[in-house]
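Student: Let's see this in three dimensions:
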Amino acid sequence: MDIATLIGIIAAFLLIIVSIVMGGSPMAFVNIPSILIVIGGGLSASLASYPLPEFIKGLKAIVKAFKPTVPNIQEHIDFLVNILTKVRKDGILSLEAEIDSFYERDPFFGDLMRMLVDGIEIEQIKENAEAALTKYEQDLSTEIAIWDALGELFPAFGMIGTLIGLIQMLQNLNDPSALGPGMAVAMITTLYGAVLANAFAIPITKKLKYYKDVEMIVKESYILTVNAIDKGTNPNLFRGTLNTLFGIKGGE
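Tutor: All right, here's what the predicted structure looks like:
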């Protein structure tokens, strides 16, 4: 669980709500048509930009911002170094019994280790890995792009709602008492759009981008592991390579 994501988003909304309550009536900030315009419009326009399966998958990616799939980095490094140590001691065929556990950890890694144990040339393994990695990166980028689009569309539809409200307000210029409330309602949609973008969609986008970078490095470490096994690299030397890859300094 990424507690920072949860705390950050909840805190942002709480601070806004507290400020509203301290400043007056909270119900003055509730307007159903404005909610429909901002949320419904933002989601609809985003849906129009992507195929339905990709759009649904992108929305579900919010789970990754709260519960990322990346492993603990130090544990991950120890795991990969132990594999090299085992191969150095017992030979590559000793990994045959662990293939299922590799798949459970990561199907990408399982495929690499299966090909290695089956005796496929390392260059062919690398080519297959790079192709799979390209597709994986594309999928992650699409998920991020959907949330990035929402971060842009929520404020845009907030402005559209405001314009609608202003037009409706101008139709009642003959009633001065209606101008103030009308202006307030018109501005609410802009507020909704700004809040949803800056306190929700944009933070989710940034967190997904962060975890995408980490996941790509993890995948790269699997390719390095297969290559190190093939070349018979010293496990201690390989640990240093992984520490550099993940930006871990000596002694950390």
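Student: I'd like to know which elements the worst-scoring helix or strand of the chain on mean pLDDT is packed against.
Tutor: Across the helices and strands of the chain, mean pLDDT, DSSP states H and E gives its lowest value to helix 179-196, namely a mean of 81. Secondary structure elements in contact with helix 179-196, counted by 3 or more C-beta pairs under 8 Å, 6 or more residues apart in numbering; DSSP states H and E, are helix 32-35, helix 122-170. Where you see a C-beta, it was placed from the backbone N, CA and C, and this is true even at glycine.
Student: Most tightly packed of the ones you listed?
Tutor: helix 122-170 (a mean of 17; mean count of other C-beta atoms under 10 Å).
Student: about what we covered before: could you export the least confident helix or strand of the chain as CSV, CA atoms only?
Tutor: The C-alpha coordinates for helix 179-196 follow below in CSV (Å, rounded to 0.1, in the frame of the first residue of the first chain):
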residue,chain,number,x,y,z
LEU,A,179,-27.5,37.7,-10.5
GLY,A,180,-25.5,36.9,-7.4
PRO,A,181,-26.7,33.4,-6.9
GLY,A,182,-26.5,32.8,-10.6
MET,A,183,-22.9,33.9,-10.8
ALA,A,184,-22.0,31.6,-7.8
VAL,A,185,-23.5,28.6,-9.5
ALA,A,186,-21.7,29.4,-12.7
MET,A,187,-18.4,29.5,-10.9
ILE,A,188,-19.0,26.2,-9.1
THR,A,189,-18.3,24.1,-12.2
THR,A,190,-14.9,25.8,-12.6
LEU,A,191,-14.2,24.9,-9.0
TYR,A,192,-15.2,21.3,-9.5
GLY,A,193,-13.0,21.0,-12.5
ALA,A,194,-10.0,22.5,-10.8
VAL,A,195,-10.4,20.4,-7.7
LEU,A,196,-10.9,17.1,-9.6
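Student: okay, the angle between that helix and helix 122-170?
Tutor: Per axes from the mean of the first three to the mean of the last three C-alpha atoms, to 10 degrees, the angle that helix 179-196 makes with helix 122-170 is 170 degrees.
Student: And helix 179-196, what's buried?
Tutor: Buried residues in helix 179-196, counting neighbours by 16 or more other C-beta atoms under 10 Å, are found at 182, 185-196.
Student: Look up how far Pro203 lies from Ile10.
Tutor: Ile10 sits 11 Å away from Pro203, going by C-beta to C-beta, to the nearest Å.
Student: contact partners of the least confident helix or strand of the chain?
Tutor: 13, 16, 28-29, 31, 34-35, 37-39, 42, 150, 154-166, 168-169, 172-173 (C-beta atoms under 8 Å, 6 or more residues apart in numbering).
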